[in-house]
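Undergrad: When you get a sec, could you give me coordinates for this:
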Amino acid sequence: MWEYSDTVKEHFFNPRNAGAVKDANATGEVGSISCGDALRLTLKVDPQSETILEAGFQTFGCGSAIASSSALTEMVKGMTLEQALTISNQDIADYLDGLPAEKMHCSVMGREALAAAIADFRGEEWHDDHEEGALICKCFGIDAAMIEQTVRANDLRSIEEVTNYTKAGGGCATCHEGIENVLTRIWGAAPAPAPVLSTAEVVPCGGLTNLQRIRRIEQVLESLRPMLQRDHGDVELVDVDGNVIYVNLVGACTGCMMAGATLGGIQQQLIEALGEFVRVVPASEMKRVAAGGR
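TA: Next comes the predicted model:
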């Protein structure tokens, strides 16, 4: 498990400005639940001064995603839109007294949501859609434009760094060549090679037998159990059907307003442990999903 600062923990367990802003006049949505992370940022902006009066967030993802979103809403309140546009993902991480390298993509998502919301307020188009042929990482839906922007903004020099900041390359690893091409185009030299990871860290898609996958899933759930039990909750594995993992949240976790965030955090941990995209679904939805529902 990664080490988190006290500030990250505080914003995760006591998030600020959670929920949508009433009478918001700016909205930015980035990410995708199917890829494990999604953020919807709403702002109430004074039309005359373009000062951000209120900010709220709704996020689906891990603890770092929640903490980064909470921090961002605190940072922007009272700023003008021009001031807010100067906020970088590193500023968000610094506000939280640092994020683990593997979680920097959460701060990047916050920066993108802010840019999207400001564009929405101004009636401008903001695209996170992929140009045809530009999609590099199919596992997490990352295109060349996002990789290039993040590489330049954070002076990234290796595939490992790109993965930490965008998640590209962290799934089946088939997109490493595409990432290398972007890095070479920017810096004019071949990037540092991707590290060879042990199976304890990341295993390419299909690299685990079914029995090994189930054991890995159980190990991840076991590692998360103490945190859930501290809040009088728990999680139990019910079934594994391909890339869909069915679980039951029990105890205080049942019906909790943060249940969606808890499932998102579990899903993110499993994606990183298995090295492939999986969906974590409540066992109560098993019949609906099996029937073709989403």
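Undergrad: any weak-confidence spans in the stretch 1-150 of the chain?
TA: 1-2, 32-36, 127-133, 139 (pLDDT under 70).
Undergrad: do that again at 50, thanks
TA: Filtered on pLDDT under 50, the stretch 1-150 of the chain yields the residue ranges 1, 129-130, 132-133.
Undergrad: Identify each of the strands in it and give its residue range.
TA: Taking DSSP state E, counting those that start in this stretch as the test, the strands found in the stretch 1-150 of the chain are 26-32, 37-45, 52-60, 135-137, 142-143.
Undergrad: I'd like those as JSON lines, with distance to Glu272 and mean neighbour count appended.
TA: (Each C-beta comes from the backbone N, C-alpha and C, glycine too.) Rendered in JSON lines, the data for those read as follows (distance: least, Cβ to Cβ, whole Å; neighbours: other Cβ atoms under 10 Å):
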{"stretch": "strand 26-32", "distance to Glu272": "16", "mean neighbour count": "20"}
{"stretch": "strand 37-45", "distance to Glu272": "12", "mean neighbour count": "24"}
{"stretch": "strand 52-60", "distance to Glu272": "16", "mean neighbour count": "21"}
{"stretch": "strand 135-137", "distance to Glu272": "14", "mean neighbour count": "23"}
{"stretch": "strand 142-143", "distance to Glu272": "15", "mean neighbour count": "24"}
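Undergrad: nearest spatial neighbour of Leu263, skipping sequence neighbours?
TA: Distances taken as Cβ to Cβ, 6 or more residues apart in numbering put Val280 closest to Leu263, at 5.2 Å, once the chain neighbours are dropped.
Undergrad: For that neighbour, grab the count of nearby residues.
TA: Using other Cβ atoms under 10 Å, the number of residues around Val280 comes to 22.
Undergrad: looking at this, it is in a strand?
TA: Yes. Assigned with DSSP: H, G, I helix; E, B strand; the rest coil, Val280 falls within a strand.
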